[in-house]
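# one predicted model, sequence on top.
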Amino acid sequence: MKAAELRAKSVGDLKNELVELMRAQFSLRMQVATQQLSKVDQIGKVRRDIARVRTVLTEKAGQA
């Protein structure tokens, strides 16, 4: 997911995206805890996506 794609979305869509990413992060953490996750790099990707969404939300809040 790119920041340019996120900037095109509305605040409501970004908040929904953030909730979905947080759920995905929780799911990945549970998979690591139960040793079911084979692609450990997914955790880092989800964390970066969460950071991107939060950054864009902060930018939009500053503009308003």
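Perfect, thanks for sending it.
# closest to the centroid, which residue in the chain?
By C-alpha atoms, centre = their mean, the chain has its centre lying nearest to Ile50, at 2.8 Å.
# do a quick rundown of the helices in this structure.
If you assign secondary structure with DSSP state H, the helices in the chain sit at 3-7, 11-33, 41-63.
# list the buried residues of the last one.
The neighbour-count criterion (16 or more other C-beta atoms under 10 Å) identifies 42-43, 46, 49-50, 52-53, 56-57 as the buried residues of helix 41-63. All C-beta atoms are positioned from the backbone trio N, CA, C, and that covers glycine.
# packing partners for that helix?
With contacts defined as 3 or more C-beta pairs under 8 Å, 6 or more residues apart in numbering; DSSP states H and E, the secondary structure elements packing on helix 41-63 are helix 3-7, helix 11-33.
# from the chain's centre, how far out does the last one sit?
Here helix 11-33 shows a centroid-to-chain-centroid distance of 6 Å under the convention C-alpha atoms, centre = their mean, to the nearest Å.
# that older thread, nearest residue to the residue nearest to the centre of the chain in space, please, no chain neighbours.
Leu21 (4.9 Å; C-beta to C-beta, 6 or more residues apart in numbering).
# count of residues packed around Leu18?
Taking other C-beta atoms under 10 Å as the neighbour definition, Leu18 ends up with a count of 17.
# equivalent analysis for the one 5 residues further on, please.
As a burial measure, Arg23 scores 11 neighbours (other C-beta under 10 Å).
# mean pLDDT and distance to Gly62 for the helices and strands packed on helix 41-63 - can I get that in CSV?
Below are the helices and strands packed on helix 41-63 laid out as CSV (pLDDT from 0 to 100; distance: least, C-beta to C-beta, whole Å):
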stretch, mean pLDDT, distance to Gly62
helix 3-7, 92, 13
helix 11-33, 97, 12
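# picking that back up, show me which of the buried residues of helix 41-63 is closest to Ala33.
Sorting those by how near they are to Ala33, with C-beta to C-beta, puts Ile43 at the top with 11.7 Å.
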